[in-house]
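Novice: Okay, predicted coordinates and the sequence, questions at the end:
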2 protein chains.
Amino acid sequence: MALLVMKFGGTSVADIDRIRNVARHVKREVDAGNQCAVVVSAMAGHTNQLVAWAKEASPLHDMREYDSIVSSGELITAGLLAIILQSMGIPARSWQGWQIPIHTDDAHGAARITDIPGQEIRSRVMAGEVATIAGFQGIGPDGRVTTLGRGGSDTSAVAIAAALQADRCDIYTDVDGVYTTDPRIVSKAQRLARISYEEMLEMASLGAKVLQTRSVELAMAYGVRLLVRSSFTAPEDCQPAGKDDLDNTGTLVCSEDEILEKQIVSGIAYAKDEAKVTLLRIADKPGVAAAVFGPLAEANINVDMIVQNVSHDGQYTDLTFTVQDGDLPRAMQVLEEAKDKIGYEELRGATDVVKISVIGVGMRSHAGVAAQMFKALAERKINIEAITTSEIKISILIDAAYEELAIRTLHSLYGLDAA
Amino acid sequence: MALLVMKFGGTSVADIDRIRNVARHVKREVDAGNQCAVVVSAMAGHTNQLVAWAKEASPLHDMREYDSIVSSGELITAGLLAIILQSMGIPARSWQGWQIPIHTDDAHGAARITDIPGQEIRSRVMAGEVATIAGFQGIGPDGRVTTLGRGGSDTSAVAIAAALQADRCDIYTDVDGVYTTDPRIVSKAQRLARISYEEMLEMASLGAKVLQTRSVELAMAYGVRLLVRSSFTAPEDCQPAGKDDLDNTGTLVCSEDEILEKQIVSGIAYAKDEAKVTLLRIADKPGVAAAVFGPLAEANINVDMIVQNVSHDGQYTDLTFTVQDGDLPRAMQVLEEAKDKIGYEELRGATDVVKISVIGVGMRSHAGVAAQMFKALAERKINIEAITTSEIKISILIDAAYEELAIRTLHSLYGLDAA
């Protein structure tokens, strides 16, 4: 018998029939003796409509009102699921964020969960009543409704799982797990049976949009085991928790300890929304980096990769870095305005770049991963424009035209291709 | 300077442009120095969609879940209105039912307001912040969301007005006031400048669907002055409260003391949704009425008018009564099943009847109103099938074919025709 949190996103609850399908997934678990809390998103498209109305009301709107408006969609789904479960003979009740309560800070629109007391919901779930929970929302210090930002229902689910000390948190999505890379690019991409929190964090933040980054951070902090699985598999074709074969169901995101056979490289992620900024011929002296990145930080523009070339002559150098492509126009403007203060010869911006990342906890104990990578890409005549690394990741910036070739090359290189 | 509660229904907030129109009504009052609390319904059609989903989920659904689902629409409107008011430079914030809190009993789907502490909302409104309030909803003793039944936003508005000790509660609707009768039937129908609570209660319950009955009861109990007015009059063409000419703006529903010139008859209402049931040749002895109306009460069928004819021979009589037409099939079934116990010869049901009511507080001090009515209808060869009266009302049941003729005849008879 397991205590299970199950989370279903917008496409999984898009209409009453889809919600019935969700209810059958829940029934399977209840019939097997598992206790369930189910976190749901708004019906697909609903939140977009609410956001559009808020924008139409005023482009610059009070985020407290925005939260009150956009959090309403989840209430509907939570109530409908409770009704359907009851009609199947399963005791159930819905919970709005403030009823549990899911306490958050006051950062409306992107609030962080601070505490979930939840004694009542816990005792009811323990007693066999299924809790259907409106995801994406909480209640701030001032008693007003907050939302957790886009994809926040994943975070709700993980936080609820931590508060209930659940055995597992099953995230039902429109894919059947986390893949070694994007199957649309590499047909031989394989589903990963397990992946560590650290690897998943790198994957999530680098473009594999399966799980929201914050939900993975939270899962790691509280040791919540996450199972990413498909909501489109017929409920009757799945085994309930405790009897299921995890190697053949979705992807388990867990601590490294649970992963016996560690791959050197687990996956290859990519991000197309990078833009490259290059400052040519800036002075190679202390204080210049501050003169460049200070104004960008003030303008709230995040800088990702940074490469400073070796000085040509001891006096001047070139500086390249990346920003989100949406931020590029503002970044260019900020740097043009600061031209005199920074002192550069030329400013260049480009969006025809892609960041490709090779990820794997096994890199910690294996040297030569980067060297292999550079060699393989060189053989394909792919020029690397920037490199950043971490303990379990190597990221490179290349010309967008070589995206697919680079990903396929690396996927084969590290032995990730399916047989 | 007045403290004003304003209420706008679904058609008045049907889209962002209509909500902007509402905001301009509010701005007019704020600019004049009035303090405002604004109660809003869900955008037109929204609640119907939610109700349909709940029914699709399960025809027999938990009303607590139903309430949680259908109360979500008002949250959207309250938030959007706050955003638009803020964009006009007017301090505003939205309030969900549980935030005020609007305490209700636990009769989910048709809850009654029990208490509105509301210290915080009162002090904020007093300080000049417009409160935009989600109508139709409250919070039950168990901390779950309740709804007040269809048209419940009127009740919300009146209850808020009572709690805030507002000077007036303006109900903006799609008509410009309460008329002497339905203008679609009598083109000479006139807007009433004032009407007493008692008269409005009779009008509301008898088919003039301008205000929900319970909202009028509540207004009467707490002495809340209600102004029924049009939301389609351009905001700039209205005068703010305190400067407005009430004789030329909508209809004021108030205590009799405020109505100087009392009409004998104020209005004529009609109800087409009546059905007539006749039991022929039942025993004229004690206990028969109980045998008839007991089973109907058990089946939750409300009986309205009851007429028992004079006994033909001291042994048998005929019994006629009316029920809502939607209840007729069930009523017939109940009575057929109880045939042996009641002992009647024949059971007849008919829906081709209409109830017409003549209403006026002046009847209290004027005899002969009924006699005039019967004479006028007799001259038109209109047969009266049943009669009920109260202190301020005479209701008759007639053949539906004569509905318009009867209403026009009575409207002229009591001097209600416009010049």
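Specialist: Done, it's in.
Novice: tell me the secondary structure for A:Cys36?
Specialist: strand (DSSP: H, G, I helix; E, B strand; the rest coil).
Novice: quick one: secondary structure of A:Leu85?
Specialist: A:Leu85 - assigned by three-state DSSP - is helix.
Novice: ok, now how distant is it from chain B?
Specialist: According to Cβ to the nearest Cβ, to the nearest Å, A:Leu85 and chain B sit 10 Å apart. Any C-beta I mention is one placed from the backbone N, CA and C, and that applies to glycine too.
Novice: pLDDT weak spots in chain A?
Specialist: Low-confidence segments of chain A, defined by pLDDT under 70: A:205-208.
Novice: Let's see that with 80 instead.
Specialist: A:150-151, A:204-209, A:261-262, A:286, A:309-314 (pLDDT under 80).
Novice: Nearest residue to the middle of it?
Specialist: A:Gln212 (2.6 Å; Cα atoms, centre = their mean).
Novice: quick one, phi psi at that residue?
Specialist: phi -70, psi 140 (degrees, to the nearest 10).
Novice: Now do the contacts for it.
Specialist: A:Gln212 makes contact with A:Arg150, A:Gly151, A:Gly152, A:Asp154, A:Thr155, A:Ala204, according to Cβ atoms under 8 Å, 6 or more residues apart in numbering or on different chains.
Novice: Kindly report the same for A:Val361.
Specialist: A:Ser196, A:Glu198, A:Glu199, A:Glu256, A:Ile259, A:Lys262, A:Ser266, A:Ile392.
Novice: try it again with 6 Å
Specialist: Listed by Cβ atoms under 6 Å, 6 or more residues apart in numbering or on different chains, the contact set of A:Val361 reads A:Ser196, A:Glu199, A:Glu256, A:Ile392.
Novice: From chain B, how far out is A:Gln308?
Specialist: In terms of Cβ to the nearest Cβ, A:Gln308 sits 45 Å off from chain B.
Novice: Around chain B, which positions in the stretch 151-300 of chain A sit nearby?
Specialist: Neighbours of chain B within the stretch 151-300 of chain A, by Cβ under 6 Å from any Cβ of the partner chain: none found.
Novice: give me the residue from the stretch 151-300 of chain A nearest chain B.
Specialist: Residue nearest to chain B within the stretch 151-300 of chain A: A:Ser153 (16.3 Å; Cβ to the nearest Cβ).
Novice: Does anything pack onto the one helix or strand that residue maps to? Which helices or strands?
Specialist: Using DSSP states H and E, A:Ser153 falls within helix A:152-164. Counting contacts by 3 or more Cβ pairs under 6 Å, 6 or more residues apart in numbering or on different chains; DSSP states H and E, helix A:152-164 packs against strand A:3-8, strand A:35-40, strand A:168-173, helix A:213-222.
Novice: In JSON lines, list these along with mean neighbour count and distance to B:Ser311.
Specialist: Formatted as JSON lines, those follow (neighbours: other Cβ atoms under 10 Å in any protein chain shown; distance: least, Cβ to Cβ, whole Å):
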{"stretch": "strand A:3-8", "mean neighbour count": "26", "distance to B:Ser311": "68"}
{"stretch": "strand A:35-40", "mean neighbour count": "29", "distance to B:Ser311": "65"}
{"stretch": "strand A:168-173", "mean neighbour count": "25", "distance to B:Ser311": "72"}
{"stretch": "helix A:213-222", "mean neighbour count": "21", "distance to B:Ser311": "79"}
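Novice: how far away is A:Val307 from A:Tyr197?
Specialist: Separation of A:Val307 from A:Tyr197 (Cβ to Cβ, to the nearest Å) stands at 29 Å.
Novice: I meant A:Ala234, not that one.
Specialist: 30 Å.
Novice: higher neighbour count, those two?
Specialist: A:Tyr197 (22 against 10; other Cβ atoms under 10 Å in any protein chain shown).
Novice: you'd agree that one is up against A:Met220?
Specialist: Yes. Judged on Cβ atoms under 6 Å, A:Tyr197 makes contact with A:Met220 at a distance of 3.7 Å.
Novice: How many residues are close by the residue nearest to A:Pro117 when sequence neighbours are not counted?
Specialist: Closest residue to A:Pro117 in three dimensions, ignoring its sequence neighbours and counting by Cβ to Cβ, 6 or more residues apart in numbering or on different chains: A:Pro101, at 6.8 Å. Residues near A:Pro101, counting by other Cβ under 10 Å, number 18.
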